[in-house]
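Asks: This is the structure alone, sequence omitted:
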């Protein structure tokens, strides 16, 4: 099994440019699988369940960068604030406030991405462009000293229509350009998953979140 995992990983890793971050999405996968990829040199892993993320962070090497990629409830921020490297899914001012508060308690500055709703599906979380820029211009945001907005995240519609996916990715690129006018260092774009990461990279993604293409389908 680990041979297939290594082959999958090497194939994906070799297809990604050096300036694009590969987030290996290890949610629901055992710690042993993460260790296999760690030994291959992978250091960035994405999880979406808080309890699982905390357990894995305690059991695995301390130089792993853990990314929270799923919807995050405000009440659970305190559990990951001591160690999380990047939160991809900031979708409200309330959540950002909570991250700032818990980061301060831990004497940290936590990197975050603003999540934007770019898909046609209703099920995805995220700001629209107007809401995102309004947040960044708010007095509340300007008082937050323990978070750092480093870019944007979005998920395209789950569809075979490549033109639609491309259009949605282009929307996120345009939003990132607007965000950079307010925050010049917010350069990251987390977009692209197993089914569409090649297209995402072509469109300018700096960070791809890949699970099933590496680990196989989820349990």
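Replies: Received, thanks. Predicted model, so just to flag it, every value in this text is computed and none were measured.

Asks: Sketch out the low-pLDDT regions of this structure for me.
Replies: Along the chain, segments meeting pLDDT under 70 span 1, 123-124, 218-219.

Asks: one more time with 80
Replies: Counting by pLDDT under 80, the chain shows low-confidence ranges at 1, 121-124, 218-219.

Asks: chain center to the helix or strand containing residue 112: distance?
Replies: Here residue 112, judged by DSSP states H and E, is contained in strand 110-116. Centre-to-centre, strand 110-116 and its host chain are 8 Å apart (C-alpha atoms, centre = their mean, to the nearest Å).

Asks: same check, this time on stretch 179-196
Replies: Averaging C-alpha positions (C-alpha atoms, centre = their mean) puts stretch 179-196 10 Å from its chain's average.

Asks: Spatially central residue for the chain, please.
Replies: Closest residue to the average C-alpha location of the chain: residue 88 at 3.5 Å, with C-alpha atoms, centre = their mean.

Asks: ok, that residue to residue 199 distance?
Replies: Counting by C-beta to C-beta, to the nearest Å, the gap from residue 88 to residue 199 is 19 Å. The way it works is simple: take the backbone N, C-alpha and C, and place the C-beta from them, glycine included.

Asks: for residue 70, same thing?
Replies: The value you get for residue 70 to residue 199, if C-beta to C-beta is used, is 22 Å.

Asks: what does residue 142 give?
Replies: Following C-beta to C-beta, the distance that separates residue 142 from residue 199 is 36 Å.

Asks: Ok, residue 9 next?
Replies: As judged by C-beta to C-beta, residue 9 and residue 199 stand 20 Å apart.

Asks: report the angle between the axes of the helix ranked longest in the chain and strand 110-116?
Replies: Counting by DSSP state H, the longest helix found in the chain is helix 162-182. Angle of helix 162-182 versus strand 110-116, following axes from the mean of the first three to the mean of the last three C-alpha atoms, to 10 degrees, is 130 degrees.
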